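Colleague: Using only what follows, build the 3D model:
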Amino acid sequence: MKILSNIFSLLVLVVLFSGCGKDNYDAPDSRLTGTITYNGEALNLRGTGEAIQLQLFQDGYDKHDPISVYVGQDGVFSAMLFDGEYKLVTRDGNGPWVNNRDTMVVNLKGSADIKLEVTPYYLIKNEQISVTESAMTASFTIEQIVPSATINKVMLILSKTQFVDDVNNVFRQDISDVKSGAVSFTADISGNTDVSNAKALYARVGVLANGADQAIYSSIVRIR
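Modeller: The predicted structure follows:
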């Protein structure tokens, strides 16, 4: 009986290893990197919570579900893939730009670095941000790119980490009824202990266009 038991155990192990061998596919080893840009310049975006995504499609396969690619707050993205031809597409209704489903064909062999051009509703330029014990002051220019666009709100944001956006922050003030052009705002932060106690503090401003699900942002400024 002991011999029969050992033979059975050996057969089970052979079957298990054979099954595992069928699932051991090579991992993708080619890297696609890129940046979302307007006129060649990287856009400042929300980078947390996988809020902004691109989609990769590859023709000629039974599975046509897109591969999601997540974009960082500096507009940079990357993905590990197999060599081949891909279509890189902006996700429908996602991002602070005109919803054209912008598409780029990428021929990947080993590595590729690309720029995906979009048309943002607005840009933020010439930002100057300062913080005292009681106030946050931001001066900047809102450049209108799409003539028909309107501003939903402007956001003044502070964070104790380098990730600064409408969700990841210790202070945020929304300002409505804002027009494009040179603007300046001051927000009261005197009662915010998260701000006063933060060992590190970073600042940013954002502009959300009506009809967009995400805001365009300024560069991040380290206050302390």
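
Colleague: residue nearest the centroid of the chain?
Modeller: V71 (3.1 Å; C-alpha atoms, centre = their mean).

Colleague: That residue: what's it in contact with?
Modeller: Contacts for V71 (C-beta atoms under 8 Å, 6 or more residues apart in numbering) come out as 36, 45, 47, 52-54, 77. Placement of C-beta: from N, CA and C, glycine included.

Colleague: Outline the domain layout of this protein.
Modeller: Domain ranges of the chain: 30-117, 122-222, per automatic domain parsing.

Colleague: Now mean pLDDT too, for these, in TSV please.
Modeller: What follows is the domains of the chain, written out as TSV (pLDDT from 0 to 100):
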stretch	mean pLDDT
domain 30-117	92
domain 122-222	97
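
Colleague: number of nearby residues for P120?
Modeller: P120 sits with 25 neighbouring residues when counted by other C-beta atoms under 10 Å.

Colleague: just the one 5 residues further on next, same as before
Modeller: For K125, the tally of surrounding residues (other C-beta under 10 Å) stands at 11.

Colleague: Doesn't it lie inside a strand?
Modeller: Yes. If the criterion is DSSP: H, G, I helix; E, B strand; the rest coil, then K125 is within a strand.

Colleague: if I look at it, how far off is R204?
Modeller: 14 Å (C-beta to C-beta, to the nearest Å).

Colleague: got any residues that touch both of those two?
Modeller: Joint contacts of K125 and R204 (C-beta under 8 Å, 6+ apart) do not exist.

Colleague: Y86 is in contact with T103, isn't it?
Modeller: No. Taking contacts as C-beta atoms under 8 Å, Y86 lies outside contact range of T103: 10.5 Å.

Colleague: distance of the residue nearest to the centre of the chain from V118?
Modeller: 11 Å.

Colleague: Could you tell me which residues touch both of those two?
Modeller: Common neighbours of V71 and V118 (C-beta under 8 Å, 6+ apart) are I36.

Colleague: And for A27, the neighbour number?
Modeller: Neighbours around A27, by other C-beta under 10 Å: 7.

Colleague: ugh, wrong one, I meant M80
Modeller: 10.

Colleague: what residues are up against the residue lying closest to it once chain neighbours are set aside?
Modeller: Spatial nearest neighbour of M80, chain neighbours left out: P28 (4.7 Å); criterion: C-beta to C-beta, 6 or more residues apart in numbering. With contacts defined as C-beta under 8 Å, 6+ apart, P28 is in contact with 80-82.

Colleague: Quick check: phi and psi at P147.
Modeller: Torsion angles at P147 (phi, psi; degrees, to the nearest 10) stand at phi -60, psi -30.

Colleague: From A135, how far off is it?
Modeller: Where A135 is concerned, P147 sits at a distance of 34 Å (C-beta to C-beta).

Colleague: quick one, which of the two is more surrounded?
Modeller: Comparing P147 with A135 by other C-beta under 10 Å, the one with more neighbours is A135, at 12 against 5.

Colleague: if I look at the more buried one, how far off is Q173?
Modeller: With C-beta to C-beta as the criterion, A135 and Q173 are 11 Å apart.

Colleague: joint contacts of those two?
Modeller: A187.

Colleague: Now for L32, how many residues are close by?
Modeller: Around L32 there are 21 residues (other C-beta under 10 Å).

Colleague: Hmm, I typed the wrong one, I wanted L45.
Modeller: Neighbour tally, L45, other C-beta under 10 Å: 24.

Colleague: In three-state terms, how would it be classified?
Modeller: coil.
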